[in-house]
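In: Give me a model of this one.
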Amino acid sequence: MVLSGRYNFENRDNMRQVGLMKYHSDSITVKFIIGNRPCQVPLALRSTPYTCIGGRETDAFKTELQLLNDNVTVEKLRFNDIVEVDMIDYYRSLPKKLKLAYKWGVENTNSEWFFKIDDDCFFNSGVIDDYFSSLRYEDKLVLIGNMVIGAEVPTSGKWMELDYRKPKYPPFPKGSLSHVANRRFANYVADHVDELFEYQGEDVSTGIWVDENIPNVSIINEQVLLSSKVLCNKNTSWACGHDLKLHELKSLVTL
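Out: Numbering: from 1, shown residues only. As a prediction, this is how the structure comes out:
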């Protein structure tokens with residue numbers, strides 16, 4: 001599940017250019033997940049770049065949105081690797097996008113494992129496939145991540161938290177380094193989409209859901225799960241990120 005901004009054309013194209021989206025087989029499917037509606041507020045008029053709150057759209061912005069939406073339609077038909085989920089697409093809506101990605105996944109695939117990653121990362125499909133094809137946790141809810149322990153709740157800046165009232169977050173999978181969940185975990189999220197509260201980020205939201213809502217989750221703190229791009233090993237790392245440019249992706253992928 002590659003979470004992507006609706007208009008992140010360049011990031012998606014980079015992944016396609018190096019072949020990351022071509023790894024489809026009976027055992028693995030790769031899809032970009034985007035919201036099906038844009039924010040109607042021009043970026044310059046939003047209260048912050050990460051929200052969808054602020055001044056009204058202009059005629060010029062309506063024209064721009066129409067062009068961008070047309071481009072998404074063409075892209076979707078051309079590549080058949082995009083899933084549009086029912087939501088407005090902007091940065092702070094990532095928790096909703098994650099929930100809807102799980103919901104789409106359990107309703108439209110037979111996948112036993114769901115690997116969430118961002119559209120500016122590398123992932124090693126062969127290593128992932130080999131590892132998870134032999135892993136068996138059918139009777140448990142499992143979350144695998146490079147877990148952040150004891151992080152303080154931000155009160156300002158990009159990740160300012162308005163809704164979680166404790167001084168520190170429960171353990172959560174580091175967002176820029178992604179996470180993996182099994183089907184039972186994904187099913188729970190899909191069945192409780194409307195009940196799971198959306199905090200400021202998809203990573204901390206996942207941690208809070210596990211702490212407060214989702215019962216009996218087995219958390220696996222897997223340091224090898226993902227690596228920073230500085231530490232990435234293209235032969236052994238499951239995935240690397242983030243903010244990878246095209247030349248960095250090319251250096252990691254053997255076409």
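
In: Only C-alpha atoms from now on, for both contacts and neighbour counts.
Out: OK.

In: Quick check: which element contains the nearest residue in space to Val142 that is not next to it in sequence?
Out: For Val142, the nearest residue in space outside its immediate sequence neighbours is Ser218; the separation is 4.8 Å by C-alpha to C-alpha, 6 or more residues apart in numbering. Element membership for Ser218, per DSSP states H and E: strand 217-221.

In: Can you list the buried residues in that strand?
Out: Along strand 217-221, these residues count as buried under the neighbour rule (16 or more other C-alpha atoms under 10 Å): 219, 221.

In: Just give me how far it sits from the chain centre.
Out: Strand 217-221 has its average C-alpha position 19 Å from the chain's average C-alpha position, going by C-alpha atoms, centre = their mean, to the nearest Å.

In: list the helices and strands it packs on?
Out: Where contact means 3 or more C-alpha pairs under 8 Å, 6 or more residues apart in numbering; DSSP states H and E, strand 217-221 is packed against strand 141-145.

In: relative orientation of the strand it packs on and strand 217-221 in degrees?
Out: Orientation check (axes from the mean of the first three to the mean of the last three C-alpha atoms, to 10 degrees): strand 141-145 against strand 217-221 gives 20 degrees.

In: So for Met87, what's the nearest residue that isn't a sequence neighbour?
Out: Of all residues not flanking Met87 in the chain, Gly35 sits nearest, at 5.1 Å (C-alpha to C-alpha, 6+ apart).

In: just to revisit the earlier point, now do the same contact list for the residue nearest to Val142.
Out: 140-143 (C-alpha atoms under 8 Å, 6 or more residues apart in numbering).

In: Most neighbours out of those, which is it?
Out: With neighbours set by other C-alpha atoms under 10 Å, the maximum within those is found at Leu143, which has 26 neighbours.

In: Straight-line length of stretch 189-207, end to end?
Out: Chord length of stretch 189-207, first to last residue, is 13 Å (C-alpha to C-alpha, to the nearest Å).

In: what bits of the chain have low per-residue confidence?
Out: 23-26, 223-227, 254-255 (pLDDT under 70).

In: The residue lying farthest from the centre of it and Asp89, how far apart?
Out: Farthest-out residue of the chain from its mean C-alpha position, per C-alpha atoms, centre = their mean: Asp59, at 31.9 Å. Separation of Asp59 from Asp89 (C-alpha to C-alpha): 20 Å.

In: Okay, buried residues for the helix or strand harbouring Asp70 please.
Out: Element membership of Asp70, judged by DSSP H and E, is helix 59-79. Judged by neighbour count (16+ other C-alpha under 10 Å), helix 59-79 contains these buried residues: 65, 68-69, 72, 75.

In: Show me the helices in the stretch 101-250 of the chain, by range?
Out: 125-132, 183-191, 202-212, 246-252 (DSSP state H, counting those that start in this stretch).

In: So which residues of this structure form strands?
Out: 2-3, 32-38, 82-89, 113-118, 122-123, 141-145, 147-148, 172-173, 179-182, 217-221, 226-228, 239-241 (DSSP state E).
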